[in-house]
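Trainee: here is my input, please return the structure:
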Amino acid sequence: MVLLRQLLGDVLRQLRLRQGRTLREVSAAARVSLGYLSEVERGQKEASSELLASICKALGVPLSHVLREVSDALALAELQHEPVMAGAPPEHERITSESIPATPEEITGEFRADMVAA
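Mentor: This next block holds a predicted model:
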């Protein structure tokens, strides 16, 4: 199971490292303890909305940017590990690229003049 707090921590750490900043610098600017910020980045603590806003301000990035990156990472994780929709077919019933016919002939077993391959 993918935890939202872990994805959020990963995004915050990546943003901080891209800026070449230390935990100490960001924690001071965000007015949060270094240890707590470290735990948030490692996905061990849930960040409140107020704390998250303060960290984003310290990093100079909009909260919407962070949430968008977390959302993208979550969508990718869901696609890789879990069915996207509740009630999705079991693994043995899922359609694979190998099971999709390549030509109209493979669908019907015969060629029809009115069928055109895309």
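Trainee: can you give me the buried ones in the biggest helix by length in the chain?
Mentor: Counting residues, the longest helix found in the chain (DSSP state H) is helix 63-81. For helix 63-81, the neighbour count (16 or more other Cβ atoms under 10 Å) marks 66, 69-70, 73 as buried. The C-beta positions use only the backbone N, C-alpha and C, and glycine is treated the same way.
Trainee: same check, this time on stretch 27-40
Mentor: 27, 30, 32, 37-40.
Trainee: now swap in stretch 42-57 and tell me
Mentor: Of the residues in stretch 42-57, those scored as buried under the neighbour-count criterion (16+ other Cβ under 10 Å) are 43, 45, 47, 51-52, 54-56.
Trainee: quick check: the farthest pair among the residues you listed?
Mentor: Taking Cβ to Cβ as the measure, the buried residues of stretch 42-57 span a maximum distance of 18.3 Å, between G43 and S54.
Trainee: measure E78 to L51 for me?
Mentor: If you measure E78 against L51 using Cβ to Cβ, to the nearest Å, the figure is 26 Å.
Trainee: then H81?
Mentor: When Cβ to Cβ is applied, the distance between H81 and L51 equals 28 Å.
Trainee: alright, I will stop here.
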